[in-house]
Structures are given as structure tokens and as C-alpha cells.
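Visitor: Structure for the following, please:
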Amino acid sequence: MGSHSRRILHAGNWKVWVLRGFQKLVQWNARGGEHIPVQTSMYLAASASAEFFADIFLCPMESVKVRIQTTPGWEQTLKAGAPRIWREEGINGFYKGLAPLWARQIPYTMMKFACFERTVEMLYKYVVPKPRSDCNKSEQLMVTFVAGYIAGVFCAIVSHPADSVVSKLNAMEGGGVSQAIKELG
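Guide: Numbering: from 1, shown residues only. Below is the predicted model:
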């Protein structure tokens, strides 16, 4: 597995861990310590919170990755790219794309978790002819796959505009969000 794949896997695991922690905390505190069922608003709050913090750690690597992908002749590794950004732009070079990254990733993650969880519930309620507890592992995997596919389609729709801004912003020398949006048209 390449370093990019490991980074994505690590960031994804971290987000899921934080998401589940926030879900449990929100569930517990919502009724003064009484356990309540997870509602869509809890999925949304937990996923947004998890993504907010995950992006703070992800942003420097995202900045280097986008420059490697979009700037011909630029450095080709994180090890070479990070010191170059630090030398040329300082800490701002790593975090100038944080707000647009949040604009892309927070709605994406909210859609991913809420849509996935609700789709799983609907599939078991309306499509699968038996309760989840009676399904074997293959049937549960198929429901998970279908729900993930459906959630992925909605995620792409929600995150594409902000993704374009993040990519443009990180590829630009200087400038800000408004300039990136103007250049995109």
C-alpha cells in the first residue's frame, strides 16, 4: 500500500473513531445521561465535529498533495514538498486551504454518514425481507455495499464545487478563496 493510501486510510479511521465517540457523547448527554436512539441530527453533528478536527491534521498533507498533482515540475514527495512549502510560505502555506477544505469535507462527511446510516435503515425496513439480526454476513455486506454506493453518489454531488475551489487554491501562487473562485468562473 502506498503512502497516499495509508494516509487516507489513517485519516478515515480517525474520523470514524471520532464520529462514533461524538455519537455516544451526544446520545448520552441529549437526555441528561439517558440513552436515546441516534437521530439524523446526531449523525450530522457527530460527523461534522469529527471532520472539523480531522481536517486540521489533514490540511498540510492535502496542500502538498494538490501541489504535486497540479504543478508541473514541483516536488514529487511529501518529504520534499512539505519543507519547500514551509520555506517559501511558512505555516500559512499549509493552512491557506483550510476553510475551503472544511467547506468541501464537512458537508461531504455529514452526507456520507447520515445518508449511509439512513439508507441502511431503509434497506432493512423496505427491501430486505427479514430483520438485520436474521441476516447472514453476506447479506449484511450487500446492504452495506449498496448503502455505501448510494451515499457516495450523494457525497460527490455535495462536495464537488468546494473540491474545485480547494484544488485551485492550493495550485495558485498566493491569492485567496475569492480569487480562486473568480478564476474557476
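Visitor: Leaving out sequence neighbours, find the closest residue to T77.
Guide: Spatially, and ignoring its direct neighbours in sequence, T77 is nearest to I68 (7.7 Å; C-beta to C-beta, 6 or more residues apart in numbering). Glycine gets a C-beta too; all of them are placed from N, C-alpha and C.
Visitor: actually T40, sorry about that
Guide: A114 is the one closest to T40 (C-beta to C-beta, 6+ apart), at 5.4 Å.
Visitor: what about the one you found, helix or strand, and which?
Guide: helix 98-122 (DSSP states H and E).
Visitor: mind listing what's buried in that helix?
Guide: By neighbour count on 16 or more other C-beta atoms under 10 Å, the buried set for helix 98-122 is 98-117, 119-120.
Visitor: which strands and helices sit next to it?
Guide: Counting contacts by 3 or more C-beta pairs under 8 Å, 6 or more residues apart in numbering; DSSP states H and E, helix 98-122 packs against helix 3-30, helix 40-70, helix 137-171, helix 177-184.
Visitor: out of these, nearest to I85?
Guide: helix 40-70 (6.4 Å; C-beta to C-beta).
Visitor: related to what we said a few turns ago, so can I have CSV of the helices and strands packed on helix 98-122 showing mean pLDDT?
Guide: Shown next, in CSV, are the helices and strands packed on helix 98-122 (pLDDT from 0 to 100):
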stretch, mean pLDDT
helix 3-30, 55
helix 40-70, 88
helix 137-171, 86
helix 177-184, 75
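Visitor: Next, the buried residues of stretch 90-100.
Guide: G93, F94, Y95, K96, G97, L98, A99, P100.
Visitor: can I get the CA coordinates of it in PDB?
Guide: Presented in PDB, the C-alpha positions along stretch 90-100 are these (Å, rounded to 0.1, in the frame of the first residue of the first chain):
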ATOM      1  CA  GLY A  90       5.500  29.300   6.200                       C
ATOM      2  CA  ILE A  91       2.600  27.900   8.200                       C
ATOM      3  CA  ASN A  92       0.100  29.800   6.000                       C
ATOM      4  CA  GLY A  93       1.200  27.700   3.000                       C
ATOM      5  CA  PHE A  94      -0.100  24.600   4.800                       C
ATOM      6  CA  TYR A  95      -3.400  26.100   6.100                       C
ATOM      7  CA  LYS A  96      -4.500  28.600   3.400                       C
ATOM      8  CA  GLY A  97      -6.800  25.900   2.100                       C
ATOM      9  CA  LEU A  98      -8.300  25.000   5.500                       C
ATOM     10  CA  ALA A  99     -11.600  27.000   5.200                       C
ATOM     11  CA  PRO A 100     -12.300  25.700   1.600                       C
END
